[in-house]
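[1] could you look at this predicted model? Sequence included:
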Amino acid sequence: MRMRDLAIAADLPRTTIHHYLREGLLPEPDRTAANAATYGVEHLERLQLLKALRGPELGPLSVSEIRKVLPLVADGLSPADAVALAALNRRGLAAMGEIDDESASARRALGLRDVAQRLDRDPRELRQLQDTGLIEPTARSGAGGYGAADVAAAESCLRLIDLGIEARHLEPLAELTREMRNYEGVLEELVCGSLPDDEVEAVRGELRSTFRELHLYLLSRLAG
């Protein structure tokens, strides 16, 4: 079909379709001449998806957010699951300090009482979570304190406790997390052990970033 037919079928202005082409959100058409091109079913389906992502049905998402969602859909996720995973990934990375979504004060290391105050909970409840290993002070948060990810984890744990699950019954989850982290450390050393010294830091950083993304994906599968 020609652009005119595509615009009618998709119920979108030509200017919008041209914009998607410029942004790389729409596959290139078959160029039949210098000023002529044909579009197929895949173009119409992509435009329908973009309409959903740009509208209230699944969005509205920005162009940069859509770029993160499209590969997930291409990998077989439903549009709704892809949007949820992209959002989860972004929130998770923000909580771990990978993107600058928080103020400097929000990123500072927190003490156990600070976490309790933020969540409006008894510090003894937070200490119980710490004792079971569900939250842990880390040097990464600064001076062995807690970071935004710890606050988020503590909030989730406390919600489970409010629903009737005892903290001690959540301890196996903390143990599984430690085992996974230890195993990933083994994999990291296996890869980095044979690398030249000047490549280790970059590869180690890429491995850790990818492991974090994998965690978020696996968790989204469980939540789904």
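    Yep, that arrived. Numbering: from 1, shown residues only.
[2] please count neighbours and contacts with C-alpha atoms only from this point.
    OK.
[3] gap between residue 210 and residue 118?
    To residue 118, residue 210 is 30 Å away according to C-alpha to C-alpha, to the nearest Å.
[4] just residue 20 next, same as before
    Counting by C-alpha to C-alpha - residue 20 and residue 118 are separated by 43 Å.
[5] give the residue from those two that has the larger number of neighbours.
    Higher neighbour count among residue 20 and residue 118: residue 20, with 16 against 11, using other C-alpha atoms under 10 Å.
[6] check contacts around the more buried one.
    residue 26 (C-alpha atoms under 8 Å, 6 or more residues apart in numbering).
[7] mind checking what secondary structure it has?
    With DSSP: H, G, I helix; E, B strand; the rest coil as the basis, residue 20 sits in helix.
[8] can you pull up the bridge partners for the residue lying farthest from the centre of the chain?
    Residue farthest from the centre of the chain, counting by C-alpha atoms, centre = their mean, is residue 33 at 41.8 Å. For residue 33, the beta-bridge partners under DSSP bridges are residue 36.
[9] ok, which stretches of this structure are strands?
    30-33, 36-38 (DSSP state E).
[10] check what pLDDT residue 11 gets.
    Residue 11 is assigned a predicted lDDT (pLDDT) of 91.
[11] from residue 27, how far out is it?
    Residue 11 is 18 Å from residue 27, by C-alpha to C-alpha.
[12] repeat for residue 79
    18 Å.
[13] also residue 134?
    46 Å.
[14] pick out whichever of these two has more residues nearby.
    Comparing residue 134 with residue 27 by neighbour count (other C-alpha under 10 Å), the higher total belongs to residue 134, at 24 against 13.
[15] how many neighbours does the residue nearest to that one when sequence neighbours are not counted have?
    Using C-alpha to C-alpha, 6 or more residues apart in numbering and skipping the chain neighbours, the partner closest in space to residue 134 is residue 174 (5.2 Å). Counted with other C-alpha under 10 Å, residues neighbouring residue 174 total 16.
[16] and residue 174, what does it touch?
    Per C-alpha under 8 Å, 6+ apart, neighbours of residue 174: 132, 133, 134.
[17] how many neighbours does residue 170 have?
    17.
[18] go through the longest helix seen in the chain and flag the buried ones.
    Longest helix in the chain by number of residues (criterion: DSSP state H): helix 197-223. Across helix 197-223, burial judged by 16 or more other C-alpha atoms under 10 Å covers 200, 204, 207, 212, 213, 216, 217, 220.
[19] dump the residues you listed into JSON lines; add pLDDT as well.
    Formatted as JSON lines, the buried residues of helix 197-223 follow (pLDDT from 0 to 100):
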{"residue": "200", "pLDDT": "90"}
{"residue": "204", "pLDDT": "89"}
{"residue": "207", "pLDDT": "90"}
{"residue": "212", "pLDDT": "77"}
{"residue": "213", "pLDDT": "74"}
{"residue": "216", "pLDDT": "72"}
{"residue": "217", "pLDDT": "73"}
{"residue": "220", "pLDDT": "68"}
